[in-house]
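A.B. asks: okay, structure incoming, though there's no sequence with it:
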């Protein structure tokens, strides 16, 4: 399910499936994209920041056209204890690899991978990014 911003409309709450992972997409070429994500973060329950949120940064192949400071993106990941993934959607191989990575994260967050919790996976992602 996709949403352009949060909060989600409440009139459909009874039909909405359980939310296992929230992937915030940030277009590196759009300051509005970052502002929208920052505004939406206030509507996310704190429990989701225990391994069920990630930031997906698109447009990284066009660094010349950046409107968003990379430090601002890294700070979001740090402040919200959430992994930051980078992707160039125009390159099929990278797009497929990113989709597979997100699917694996979703499987973990939904509890479909025995022995791995969203919290432990999120911690592992953060530790590997630090190295």
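C.D. replies: Yep, it's here. Given the structure is predicted, the values throughout are model-derived calculations rather than measurements.

A.B. asks: show me the contacts for residue 46.
C.D. replies: Contacts here follow Cβ atoms under 8 Å, 6 or more residues apart in numbering; on that basis residue 46 touches nothing. C-beta: built from backbone N, CA, C; applies to glycine.

A.B. asks: and the pLDDT at it?
C.D. replies: The model reports residue 46 with a pLDDT of 89.

A.B. asks: could you measure from it over to residue 52?
C.D. replies: 11 Å (Cβ to Cβ, to the nearest Å).

A.B. asks: what does residue 100 give?
C.D. replies: 18 Å.

A.B. asks: looking at those two, which is more packed in?
C.D. replies: residue 52 (24 against 10; other Cβ atoms under 10 Å).

A.B. asks: next, count neighbours for residue 80.
C.D. replies: Neighbours of residue 80 (other Cβ under 10 Å): 18.

A.B. asks: how far away is the spatially closest residue to it that is not a sequence neighbour from residue 114?
C.D. replies: Spatial nearest neighbour of residue 80, excluding adjacent residues (Cβ to Cβ, 6 or more residues apart in numbering): residue 49 at 5.3 Å. Distance of residue 49 to residue 114, given as Cβ to Cβ: 24 Å.
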